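J.: have a look at this prediction, sequence included:
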Amino acid sequence: MSVLSRSLLILSGALWLGLPLMAADSPPAQPEILPVDQIKPGMHGLTYTVMKGNEIVPLQTEVVGVAKNALGPGLDLIIGRLVDERTRLTGAVHGMSGSPLYVDGKLVGALSLRIATFEKDGQCGFTPIADMMKVENLVRPVPQAQQQPVPLPLMNFTSILPRNVTSGEPGFSALAVPLSVSGIRPDIFSRLLDHFGLGNSLFVTVPGGGEMDPANAGASKQAMEIKPGSPLAAVLMSGDINVAATGTCTWRSGNRILAFGHPMFGFGDSALPMAGAEVVTTVPSYETPYKMTNTGAIVGTIYQDRVSAIAGVLGDPPPLATYLIERTHDGEKLPDLKGWFAPHPVLTPMLIGAALNSALSNSLQMARTLSVHMTGELEFAGHPALKLDGIFSGEDDTLPDLLTNTLTPLQKLFSQTDEHLTAKNLQVSFDTQERMQNWTIESIHTDEREVEPNGQVHVTVDLREEYGARTSQSFALTLPENIKSGTVAIRVGGSAELNDDRLTREIQNARTVDEMINLFNQRRMQDRVYVQAVSAAEGEVVRDREMPALPGSVRDVMEGSNSSETTVPLPEQVWLELSAQLPGVVHGKQEVSLAVK
């Protein structure tokens, strides 16, 4: 659109609305700030944002008043009304968060809140620029290599977030940040947000697109083009799977940026990649109007995520982790999925969940029943890699079983408070087949009914596949010398049916992160049949130490003591365990008793 055409549009709009004529030029580079105490009802100004492409347009805005302490002690909210023809149907749009408001050429604040979900009068809230400047003035974190790990409990931050816009309750609600995703269905990513406790964050998950390469050669040019009113994105993933939270730049001084007018996650100190964006279209809707965007190249780092704003610096991006997912379906090699993700201590498990979900949903278009074999690992900085091996067999709507089994160790590792873990590289291979591979334990046989300590017993396990195939597995168990006379049970089962209390206790009592990772790498696998020798015990577990044969008097003393160490009853002792691998998931549990002479 030419300058003349744009001027005529603003002129006609202003005349139609009966408003004073205002300049339609881009906002000034270094504007004066209009303090809150000088803002009066009836003032008119311009809110700058992008409705389509990269063209910043001014939206006629009327000041309604100032709600004192609306967001908390000392946190005022400027109430305005969008009176522009372009927002007549939508009002404030999700993705406009951070759009700067100017009155008489002075910067007032950033569009940040809606008054109600179905608001039809264009009323909205603006965060005062003075509150945003407090975030910009925070000390920037030292380089990552010099940082000392400190616990980052998410709940400390979510409690201060404004109410989610979709809650439906009356009152102020932050404009949602469109979380643009491609390479994975938006509804799947929304479920991941819920699963990882982020469902009440300020996001609306929408389709979008993004750069394949975060080190795009045009990044420096895109950085130069970012100005107040430009779309701005926090990039969580890029490559074949893209996830980016998009809002609007409010203020720029040199290479310093303020945006959004409210938090994203509310993490405080952050290190998330920052990128420019292109608005594909503004989707009109009374309930959830939003901007659909394509994320550009990474141009810097978001280093603060606070109540009043996010703050960033243009320049070098933060360190990124890589992902590579190889796929084979019914013997046919499928295209690899590869790219980068932000190695954030809270977000990493969710982003890996997104990568695994995308890999499976993109390769399983034709089958209701399937089997999935997964092998791989997640590498960390300064720690052993975590194995991500797993197997699933069943109907496609129960695939989350595989992902839950895989993601549970990740969640526990990233929720420990000894130190932050930094992911470096995710590498996984999926081999999928359009048939189920389930094995059920039918029977077990032993060659002896009595056995002596240090004696050997041969165990045969018969298994049947779901559609008729049968197999047998043989094991030779040598009982320990110190086993007591009486009865020993030979127990056979799949990983899901066998008690794993010992490993759970050891993980809970792990003294280092390395020890925790190594224990997770020893967890039972679903494609193995396990054979155990088990006997009854009358003992206790103190921390991770098993004491299976305590006299009753000793147990009574331990249970009645004031020791801070927690004791857990130990009803049985597993003397030994062997296993064998099968081409599918093993189900079932059986046991037979032997007499110990």
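T.: Noted; the coordinates are in hand. Numbers count the residues shown, from 1 in each chain.

J.: distance of residue 273 from residue 128?
T.: 28 Å (C-beta to C-beta, to the nearest Å). C-betas here are computed from N, CA, C, even on glycine.

J.: report the buried residues of the one helix or strand residue 590 maps to.
T.: Per DSSP states H and E: residue 590 is located in strand 589-596. Buried positions in strand 589-596, judged by neighbour count with 16 or more other C-beta atoms under 10 Å: 594, 596.

J.: which secondary structure elements does it contact?
T.: strand 438-446, strand 450-451, strand 486-493 (3 or more C-beta pairs under 8 Å, 6 or more residues apart in numbering; DSSP states H and E).

J.: check the most centrally placed residue in the chain and give its pLDDT.
T.: With distances taken as C-alpha atoms, centre = their mean, the chain has residue 350 as the residue nearest its mean C-alpha position (2.8 Å). Residue 350 is assigned a predicted lDDT (pLDDT) of 91.

J.: would you list the phi and psi of it?
T.: The phi and psi values for residue 350, taken as degrees, to the nearest 10, are phi -70, psi -40.

J.: same thing with residue 356?
T.: As for residue 356, its main-chain torsions (degrees, to the nearest 10) stand at phi -70, psi -40.

J.: show me what contacts it?
T.: If a contact means C-beta atoms under 8 Å, 6 or more residues apart in numbering, then residue 356 has 325, 374, 403, 406-407, 428 as its contacts.

J.: and for residue 90?
T.: Residue 90 sits next to 282, 284-286, 289 when contact means C-beta under 8 Å, 6+ apart.

J.: quick one: which helix or strand includes it?
T.: Using DSSP H and E, residue 90 falls outside every helix and strand.

J.: touching, residue 435 and residue 372? I think so.
T.: No - contact criterion C-beta atoms under 8 Å: residue 435 and residue 372 do not qualify, at 11.4 Å.

J.: more neighbours: which of these two?
T.: residue 372 (25 against 13; other C-beta atoms under 10 Å).

J.: got the domain ranges for the protein?
T.: The chain breaks down by automatic domain parsing into domains covering 3-135, 321-433, 438-596.

J.: of all the ones you listed, which one is nearest residue 258?
T.: domain 3-135 (5.0 Å; C-beta to C-beta).

J.: quick one: mean pLDDT over that closest one.
T.: On average, domain 3-135 scores 82.

J.: contacts only, for residue 389.
T.: Counted by C-beta under 8 Å, 6+ apart, residue 389 has contacts 374-376, 525.

J.: derive a ChimeraX selection command for the buried subset of those residues.
T.: Remark: buried members of the contacts of residue 389, expressed as a ChimeraX selection using 16+ other C-beta under 10 Å:
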select :374,376,525
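
J.: for the stretch 451-597 of the chain, which segments are assigned as strands?
T.: 456-465, 470-478, 486-493, 528-542, 545-547, 567-581, 585-587, 589-596 (DSSP state E, counting those that start in this stretch).

J.: pick the most deeply packed of these.
T.: Among the strands of the stretch 451-597 of the chain, strand 585-587 has the highest mean neighbour count (mean count of other C-beta atoms under 10 Å), at a mean of 25.

J.: if we can go back for a sec, possible to save the domains of the chain as CSV with distance to residue 175?
T.: Converted to CSV, the domains of the chain look like this (distance: least, C-beta to C-beta, whole Å):
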stretch, distance to residue 175
domain 3-135, 4
domain 321-433, 21
domain 438-596, 39
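
J.: residue 182: which of those domains is closest?
T.: Closest among those, using C-beta to C-beta: domain 321-433, at 9.6 Å.

J.: lowest average confidence, helix or strand, in the protein?
T.: helix 155-158 (a mean of 38; mean pLDDT, DSSP states H and E).

J.: hang on, the earlier thing: of all the contacts of residue 90, which comes closest to residue 74?
T.: Of the contacts of residue 90, the one sitting nearest to residue 74 (C-beta to C-beta) turns out to be residue 289, at 31.1 Å.

J.: list the contacts of that closest one.
T.: Contacts of residue 289 by C-beta under 8 Å, 6+ apart are 89-91, 93-94, 282-283.

J.: ok, back up a step: top of the contacts of residue 356 by number of neighbours, please.
T.: Busiest of these [other C-beta under 10 Å] is residue 325, holding 26 neighbours.

J.: returning to that earlier point: to residue 66, which of the helices and strands packed on strand 589-596 lies closest?
T.: Comparing the helices and strands packed on strand 589-596 under C-beta to C-beta, the one sitting nearest is strand 438-446, at 65.2 Å.

J.: hmm, who's touching that closest one?
T.: Contacts to strand 438-446, defined as C-beta under 8 Å, 6+ apart, come from residues 393-394, 457-466, 470-471, 490, 492-494, 529, 582, 584-592, 594.

J.: and that strand, how far out from the chain middle?
T.: 40 Å (C-alpha atoms, centre = their mean, to the nearest Å).

J.: tell me where the model's unsure across the chain.
T.: 1-25, 116-120, 139-172, 211-218, 362-367, 397-398, 400-402, 538-570 (pLDDT under 70).

J.: which one among the contacts of residue 289 gets closest to residue 107?
T.: Looking across those and measuring by C-beta to C-beta, the closest to residue 107 is residue 93, at 20.7 Å.

J.: what sits against that closest one?
T.: Residue 93 makes contact with 87, 175, 282, 289-291, according to C-beta under 8 Å, 6+ apart.

J.: out of the residues you listed, which comes closest to residue 447?
T.: Distance to residue 447, by C-beta to C-beta, is smallest for residue 290 among the contacts of residue 93, at 69.1 Å.

J.: so what's that closest one closest to, chain neighbours aside?
T.: residue 94 (4.1 Å; C-beta to C-beta, 6 or more residues apart in numbering).

J.: so the one you found touches residue 293, yeah?
T.: No - in terms of C-beta under 8 Å, residue 94 does not count as a neighbour of residue 293; the distance is 11.0 Å.

J.: mutual contacts of these two, please.
T.: residue 178.

J.: and residue 353, what element?
T.: Using DSSP H and E, residue 353 maps to helix 348-361.

J.: pairing partners for whichever helix or strand comes after the least confident helix or strand of the chain, with directions?
T.: Toward the C-terminal end, the helix or strand that comes next after helix 155-158 (DSSP H and E) is strand 173-174. For strand 173-174, the paired strands and their directions (DSSP bridges) read strand 106-114 (antiparallel).

J.: could you dump the partner strand to PDB, C-alpha only?
T.: What follows is strand 106-114, C-alpha atoms only, in PDB (Å, rounded to 0.1, in the frame of the first residue of the first chain):
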ATOM      1  CA  LYS A 106       4.700   9.600  23.400                       C
ATOM      2  CA  LEU A 107       4.900   6.000  24.400                       C
ATOM      3  CA  VAL A 108       2.200   5.000  26.800                       C
ATOM      4  CA  GLY A 109       2.400   1.200  27.100                       C
ATOM      5  CA  ALA A 110       1.700  -2.100  25.500                       C
ATOM      6  CA  LEU A 111      -1.500  -3.800  24.700                       C
ATOM      7  CA  SER A 112      -1.700  -6.800  27.000                       C
ATOM      8  CA  LEU A 113      -5.100  -7.800  28.300                       C
ATOM      9  CA  ARG A 114      -8.700  -8.300  27.200                       C
END
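
J.: so what touches the next helix or strand after it?
T.: Per DSSP H and E, the first helix or strand lying C-terminal to strand 106-114 is strand 123-128. If you take C-beta under 8 Å, 6+ apart as the criterion, strand 123-128 is touched by 36, 64, 67, 70, 76-82, 91-92, 101, 108-115, 172, 175, 261-262, 308-309.

J.: can I get strand 123-128 in CSV, CA atoms only?
T.: As requested, the backbone C-alpha atoms of strand 123-128 are provided in CSV (Å, rounded to 0.1, in the frame of the first residue of the first chain):
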residue,chain,number,x,y,z
GLN,A,123,-12.1,-2.4,25.2
CYS,A,124,-8.7,-3.8,26.3
GLY,A,125,-5.8,-3.2,28.8
PHE,A,126,-2.4,-1.7,28.3
THR,A,127,0.6,-2.4,30.5
PRO,A,128,2.3,1.0,31.4
